[in-house]
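Chemist: would you be able to build a 3D model of this:
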Amino acid sequence: MNQKKLEFVTYCIGKLAAQLHLSQQEVYKRLKRSGILYDYIIPSYDVLHTFGSKYLMEDLIDYMKEKGELAS
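Modeler: As a prediction, this is how the structure comes out:
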């Protein structure tokens, strides 16, 4: 993973943690466990990093719900 992708992942985890009122460690565990981190965020970096912050968080939260990592 290159530096830009790493910074993007860190940004996503931090923003999700703040919005969901969870620790960054917990958000990382949920993203990793569900496959969202390695099967969606990192491979889709080129598209995802162009999204606005609000839309990106909504997208990731919806996906976490679909994967059973958050209550609907």
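
Chemist: residue contacts, Ser23?
Modeler: Ala17 (Cβ atoms under 8 Å, 6 or more residues apart in numbering). C-beta: built from backbone N, CA, C; applies to glycine.

Chemist: kindly state the pLDDT recorded for it?
Modeler: Model confidence at Ser23, given as pLDDT, is 98.

Chemist: one more: Ser44?
Modeler: Per-residue confidence (pLDDT) for Ser44: 97.

Chemist: for Lys5, see how far away it is.
Modeler: In this structure, Ser44 lies at 10 Å from Lys5, with Cβ to Cβ, to the nearest Å as the measure.

Chemist: the two: who's more crowded?
Modeler: Set side by side, Ser44 and Lys5 give different neighbour counts by other Cβ atoms under 10 Å, the larger being at Lys5 (15 against 12).

Chemist: just the element for the more buried one, please.
Modeler: Secondary structure assigned from DSSP states H and E places Lys5 in helix 3-20.

Chemist: what residues of that helix count as buried?
Modeler: Burial within helix 3-20, assessed by neighbour count using 16 or more other Cβ atoms under 10 Å, is assigned to 8-9, 12-13, 15-17, 20.

Chemist: with stretch 40-51 instead?
Modeler: Residues of stretch 40-51 classed as buried by neighbour count (16+ other Cβ under 10 Å): 40-41, 45, 48.

Chemist: can you lay out these as TSV showing distance to Arg33?
Modeler: Conversion of the buried residues of stretch 40-51 to TSV gives the following (distance: Cβ to Cβ, whole Å):
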residue	distance to Arg33
Tyr40	13
Ile41	13
Tyr45	20
Leu48	19
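
Chemist: for these, work out which two are farthest apart.
Modeler: Greatest spacing in those, by Cβ to Cβ: Tyr40 and Tyr45 (9.8 Å).

Chemist: what helices or strands is the host helix or strand of Lys32 leaning on?
Modeler: According to DSSP H and E, Lys32 maps onto helix 24-34. Helix 24-34 is packed against helix 3-20, helix 53-66, with contacts defined by 3 or more Cβ pairs under 8 Å, 6 or more residues apart in numbering; DSSP states H and E.
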